[in-house]
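Participant: structure, please.
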Amino acid sequence: MADPEALRRELADADALILDLTFDAPERLEQARRLSPPGLATLAFYSHVEADVRELAERAGVDLVVPRSRMAREADGLIRRLVAG
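Facilitator: Numbering: from 1, shown residues only. Got it, this is the predicted structure:
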């Protein structure tokens with residue numbers, strides 16, 4: 001991450017944060033925790049063969065955790081549902 005403060009400012013105005021947990025899941029989840037404002041809706045997707053990544057995201061408090069294949073098929077609906085609360 002080149003500029004954490006710039007990302008923090010961007011997230012302050014965001015409706016949601018979408019995380020690709022295909023690589024470096026623990027690091028990405030930690031960055032999201034540190035930089036996201038409280039209450040920001042979060043969606044994460046992971047490789048379906050990595051149940052441990054799904055569990056890690058759920059324990060980290062991600063609002064919606066789905067396999068990458070579902071994200072590819074249903075991204076629009078998932079994001080709308082997430083933002084709507």
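
Participant: sec struct for G39, please.
Facilitator: coil (DSSP: H, G, I helix; E, B strand; the rest coil).

Participant: so it versus E50, what's the distance?
Facilitator: 27 Å (CB to CB, to the nearest Å). Quick note: C-beta positions are derived from backbone N, CA and C, even for glycine.

Participant: the two - which one has more neighbours?
Facilitator: Using other CB atoms under 10 Å as the criterion, G39 and E50 rank with E50 on top: 15 against 7.

Participant: what sits against that one?
Facilitator: When contacts are counted by CB atoms under 8 Å, 6 or more residues apart in numbering, E50 touches 21, 25.

Participant: make it 10 Å
Facilitator: 21-22, 25, 56, 67-68 (CB atoms under 10 Å, 6 or more residues apart in numbering).

Participant: backbone dihedrals for it, please?
Facilitator: phi -110, psi 70 (degrees, to the nearest 10).

Participant: cool, V66 as well?
Facilitator: phi -130, psi 160.

Participant: and the nearest residue to it once chain neighbours are set aside, helix, strand or coil?
Facilitator: Nearest residue to V66 in three dimensions, chain neighbours excluded: F45, at 5.3 Å (CB to CB, 6 or more residues apart in numbering). In terms of secondary structure, F45 is strand; the call rests on three-state DSSP.
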